[in-house]
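Enquirer: Sequence first, predicted coordinates after that:
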Amino acid sequence: MGIDLRQDPKKADGTPITHIDAPSEDDGKPVYVMSPATEGLYTWLTARGDDLDPTPPSTGRGEGTKIYLAWDDSEGEEATKEAVLDWCEPIELHDGHMNFDPGKWGFADEWSFLVRLPANEPVVNGGSTGNCNLVAIPGTGDTMHIIVPAAGDGGYDIDLDTAIPSPCGKDEDGYWGIADKWAEEITPNAGAVKGSWNLYDFQSDMYFMKNLNCGDPRGIWDLDAYKSEWISSRWKLVFRVTRATAGAAEIGGDMMLFRPGAL
């Protein structure tokens, strides 16, 4: 009995093998592009954030705060320092690298790299016609609130063009949505039905790396990530270092990211 080659191929258990509607070689093997970036973004390597107030014709990209911190061992110098990076548009962060003189750093010295989500600042609406309300988070003594949408009858107003979104996860109920991450348009999610974003009236830090040490005898830290993470232009990237070793020293690094346009 012959095999009917006109039938769709199947696995041994009878499950159909689906053909991918994508570019392929002559023998049918699909062609993959090994890039974690969203289609249309450009690769960008930098050791700085952006300057949000550039002098034209500069765009300010890559002209802001350095990923760099230094200690001169002066009296009263703070042990913990931060470099805070701004962005003029949303980006996708892929990976990063860190460099330091191993003779001036040790295992007691620690560094972190994080996203800082500034606090939203809703304004009281005395006429109860606002676009949001505040709901106290249990256990915070009415000092920390989640901002929920209101249908023109709220006690507060929030400017959604500048609001700071916080991710709440795919399986959680978020009160706000972002349909287009590159436009950063925040919209109310009626009833909090599987939304992906929330708004809060307090600052929070979301870590990529937390309290890694500087004990590598090569004086480097290197990461080659598998995917990239979307970073809102309304967030801050923060390089934080706590130094325990005495003496003057410096530490710095760079990042690989993707952004819409490479000017």
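Expert: That came through fine.

Enquirer: Go ahead and flag the most central residue of the chain.
Expert: By CA atoms, centre = their mean, the chain has its centre lying nearest to Ile231, at 3.3 Å.

Enquirer: so how far is Asp95 from Gly62?
Expert: 17 Å (CB to CB, to the nearest Å). Heads up, the C-betas are built off the backbone N, CA and C, glycines and all.

Enquirer: Please apply the same query to Thr129.
Expert: Distance from Thr129 to Asp95, by CB to CB: 47 Å.

Enquirer: what about those two, which has more around it?
Expert: When neighbours are counted by other CB atoms under 10 Å, Thr129 and Asp95 differ, and Asp95 comes out ahead with 17 against 12.

Enquirer: Mind telling me what element that one is part of?
Expert: For Asp95, the element it lies in under DSSP states H and E is strand 91-100.

Enquirer: what helices or strands is that strand leaning on?
Expert: When contacts are defined as 3 or more CB pairs under 8 Å, 6 or more residues apart in numbering; DSSP states H and E, strand 91-100 packs onto strand 220-222, strand 229-231, strand 249-259.

Enquirer: I'd like these as CSV, with distance to Glu184 appended.
Expert: Below are the helices and strands packed on strand 91-100 laid out as CSV (distance: least, CB to CB, whole Å):
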stretch, distance to Glu184
strand 220-222, 31
strand 229-231, 10
strand 249-259, 14
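
Enquirer: Give the next helix or strand downstream of the worst-scoring helix or strand of the chain on mean pLDDT.
Expert: Within the chain, no helix or strand scores below strand 176-178, which has a mean of 91 by mean pLDDT, DSSP states H and E. Sequence order places strand 186-188 as the next helix or strand after strand 176-178, per DSSP H and E.
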